[in-house]
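Undergrad: Predicted structure and sequence below. I'll ask about it afterward.
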Amino acid sequence: MRSLAKSRYGNIIAPVLALLLPVIIMAAAFMIAQVPPGKILPVEATLRRNPMDEDVICAVTESREAASEIREELASPNSLVRQKGIDTLLAEYMDLFFLLALMTGDKAGGVILFAAYFLRFGLASIAMYYLLKNRIRAGKYFSVMLSVFYACSSIAFLAAGAIQVMNLLILFPLAFAAMDRMIATDDNVVYLRLVLIFALIFISGMPGIICGSVCILMYSFVAAIMRYRTAGNVLASVCRILAAVIPGFMVSGMVSIPAMLSLDIQQRGTEVFSDAAVEYKLFDFLASASSGMAQNSQDGTCHAIYIGIITLVLIIIMFINPNIPVRIKAVTGIVAVICHILTAYSAFNSLIPFADSSTCYPAALLSGLAVVLVIAAAISVKNIRNAGRGVIYGGGLSVIVLMVIANSSENVYGYMNYQLFMTFISAVGVTVFLLHIAENGSRKTGIIYGVLSCIVLTSNMSYVYMMSDMRPEDYRPVVYADGDCDTPELSTDAELSFLTSRDRYLILDSGSAPSEEGRDVPSIINEMCDDMGIDHVFLPVGTSEIMNIGFVKGEDGRFRICEEDSEMIRGVSLLSEERLFFGSGLNAPVHMSELNFNISDLPIDRKFDGPFLYELTNTTGTFEISMRGDPTGANQGYMELYRLDEDALDVFNGMSFDIAAENRVTGGGAKTLLTGVRYSEDIKISVGGTQVAVYEYLGRTAFTIPSDLEGVLEISSRNKGAVPGIALTISGLLCAAGHEIITKRIRRLE
């Protein structure tokens, strides 16, 4: 009886730990990170000079702002504005916690989103625990620790900036567990559960539809090969899983179809693969496994105590362990390589052009990759007792050797010393833990290891919080010519990892913009770039008007950025050059009082008043764009800088607009406006009762108001995606129900 009670107690405490430990660790790390610099560790050790930004948790800040904006749009009397709010909600924010925040006020909604941010780590951990304990059959407490490492990995931490990606971290382990059980049994309840999980993945937004489809296909092969040896059984199992994918997508149709239509994706196949060069280095795997996402210079400060280093040790041991079947090793390696290469920015920008301004998609694929790595690690642990000490030592030491090789490359800078130290400690700790498992060590030793792991994990995550709001110039030194001189010189051939490795960049501190008597900032920067062969400049300017603006050098080699009056000017000689923006894109809320174009040999085709678009056509002449920011200006526009194509468009796109009080249009000349809403033939626009022409521009709705029209602007539209979405949802439910009915009928006949 005592052993039975003890077993029941263990069965209860293990999942509770899996749920609560990540929440406690992340909350404690957040509290520690709020301590001012120098109070815990010297500034020289952490390279941290400024207090943590209050808005460092972008998942909470951005979600709160989005909830407020969508709430206002849904309450608007303008049907077009309401439709924009609905499209945004369906495409990006279909989440239970976000919907609760949307239904409450700003303060209560902020509390809900803040609590949900930490709770999601616990939910991701408990989902992985369920997979490891019930399907992989790993030990209880090892499943707890590996689940905690999965939830607190840098992949999860960085993906938490996007609600839909964080939800995928929860759904992916559940999907794999349901697939494995469906292959092993012929239970209709499991089939319906799998349909529901797939529907939730697709409902989570475009990252779920695009990356979820890739991960589901990969998971189906992994689960089938783990269960069967023959090709026929593997393919049959994959087909059974795909039979649940289609109804799952159909069930999500009520949300996913309008969301897909709202993006208005139009891309020719030849354009997709016209520049499909993939830049990939051998040790990018180590970088991404350590930091979770190697595309952002800030993300390089994340540390490898969690999923990266642990799974790397265990997977190396798995591959050199002769007791594990070759088919499992092969499928693990193939899936890991495919997923990882797909997350390379050069590959992703080529394959999915409409997603290159978002880090959600690489984060979603990396999250899917993390599930495969954790499963491989669990399989390795299950077979560790048969491996021998040589295999265990080889796995641990090989990681340290790889770290030394990788960190001696050109991509590593001095600010990573703390990361190297903690990574080395973690590698040693994992090796000791594996020896403990292999030799059937005492429970007390396991508890001590678990407590120490949680402490180190908390300290690392607090450091990640501290560094997350730092800009590159905060920890990458800028050397000045004569010590106190204001003219900066390039200190190193810095390679920002979220751009291509072929490019060279100059990083300047906005607080120490160069100046010289009789010369302006642009002339100095241009000379430096010409002398040193720099192709790009990354210059954070201002504090609120314009943030983190990047410029690619034009064919004339000239560009100008002036911080003093928040003005940016860009001039090039051809419109068919490289794309103008890069990295995660520019989407800055800007108060504008002036927007001008100057073109040498081409008249402006259409003029957009206020903070709106100027349309250009292809030209061989020179043109210049200038924008002046004014925090007190009456015109507010949300600007996004689009990339150039062969046909010639450089677009400042106004995502919101105000014409006048009560939408009343007054005289003063013709006005052409570009809205942020997907174009549809059903959109009707009238001014003072007179219908005006509506046309498509860049996939969005634009319209021209003649100069002689005055009156109230009325816009009406009908969402065509709702009807097919509802029909597809009903069809999916019928397919799922029909599968169960047909299966039962076949069983009766048998």
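TA: Okay, I see it. All of these numbers come straight from a predicted model, not from anything done at the bench. Residues are numbered from 1 along each chain as shown.

Undergrad: Go ahead and confirm residue 684 touches residue 691.
TA: Yes: the pair formed by residue 684 and residue 691 meets the contact definition of CB atoms under 8 Å, at 6.5 Å. Placement of C-beta: from N, CA and C, glycine included.

Undergrad: ranges for the strands of the stretch 51-200 of the chain?
TA: Here the stretch 51-200 of the chain has no strands by DSSP state E, counting those that start in this stretch.

Undergrad: related to what we said a few turns ago, neighbour count: residue 684 and residue 691, which is higher?
TA: residue 684 (16 against 11; other CB atoms under 10 Å).

Undergrad: Which pLDDT does the model give the more buried one?
TA: Per-residue pLDDT puts residue 684 at 74.

Undergrad: What values do phi and psi take at residue 384?
TA: When quoted as degrees, to the nearest 10, the phi and psi of residue 384 stand at phi -70, psi -30.

Undergrad: Now for it, how many residues are close by?
TA: 21.

Undergrad: which strands and helices sit next to the longest helix along the chain?
TA: Ranked by number of residues, the top helix in the chain under DSSP state H is helix 2-33. Helix 2-33 sits against helix 106-130, helix 140-151, helix 443-468, with contacts defined as 3 or more CB pairs under 8 Å, 6 or more residues apart in numbering; DSSP states H and E.

Undergrad: For the second one, give the mean pLDDT please.
TA: Taken as a whole, helix 140-151 has a mean pLDDT of 84.

Undergrad: Now it: buried residues?
TA: 140-151 (16 or more other CB atoms under 10 Å).

Undergrad: just those residues now: which is nearest residue 187?
TA: Nearest to residue 187, judged by CB to CB, of the buried residues of helix 140-151 is residue 143 at 23.3 Å.

Undergrad: check contacts around the nearest residue to that closest one once chain neighbours are set aside.
TA: Closest residue to residue 143 apart from its sequence neighbours, by CB to CB, 6 or more residues apart in numbering: residue 132 at 3.9 Å. Taking CB atoms under 8 Å, 6 or more residues apart in numbering, we find residue 132 in contact with 138, 142-143, 146-147, 374-375, 378.

Undergrad: hmm, 6 Å instead?
TA: The neighbours of residue 132, taking CB atoms under 6 Å, 6 or more residues apart in numbering as the test, are 138, 143, 378.

Undergrad: got it, and residue 133?
TA: residue 143.

Undergrad: Tell me the confidence at it?
TA: 89.

Undergrad: Against residue 459, how distant is it?
TA: 28 Å (CB to CB, to the nearest Å).

Undergrad: same question, residue 392
TA: Applying CB to CB to residue 392 and residue 459 gives a distance of 26 Å.

Undergrad: So between the two, which is more surrounded?
TA: Per other CB under 10 Å, whichever of residue 392 and residue 459 has more neighbours is residue 392, with 22 against 19.

Undergrad: gap between the more buried one and residue 383?
TA: 11 Å.

Undergrad: what do you get for residue 250?
TA: Taking CB to CB, one finds residue 250 at 40 Å from residue 383.

Undergrad: tell me the contacts of residue 381?
TA: Per CB under 6 Å, 6+ apart, neighbours of residue 381: residue 142.

Undergrad: what about it, which helix or strand?
TA: Element membership for residue 381 (DSSP states H and E) is helix 360-382.

Undergrad: for the record, mean pLDDT for that helix?
TA: 77.

Undergrad: how far off helix 106-130 does it point, in degrees?
TA: Angle, helix 360-382 to helix 106-130, by axes from the mean of the first three to the mean of the last three CA atoms, to 10 degrees: 30 degrees.

Undergrad: Helix 360-382 to helix 140-151, inter-axis angle?
TA: Using the same axes, to 10 degrees: helix 360-382 against helix 140-151 is 160 degrees.

Undergrad: buried sites along helix 360-382?
TA: 360-382.

Undergrad: quick revisit: the residue nearest to residue 143 and residue 163, how far apart?
TA: 25 Å.

Undergrad: measure residue 106 to residue 192 for me?
TA: Residue 106 is 39 Å from residue 192, by CB to CB.

Undergrad: Look at these two and report which has more neighbours.
TA: residue 192 (17 against 13).

Undergrad: which residue packs closest to the more buried one, ignoring adjacent ones?
TA: Here the residue nearest residue 192, using CB to CB, 6+ apart, is residue 736, at 5.9 Å.

Undergrad: Tell me the spacing between that neighbour and residue 16.
TA: Distance from residue 736 to residue 16, by CB to CB: 33 Å.

Undergrad: These two: who's more crowded?
TA: Taking neighbours as other CB under 10 Å, residue 736 and residue 16 compare with residue 736 leading, 23 against 11.

Undergrad: any idea which element the more buried one lies in?
TA: Short version, using DSSP H and E: residue 736 is in helix 722-749.
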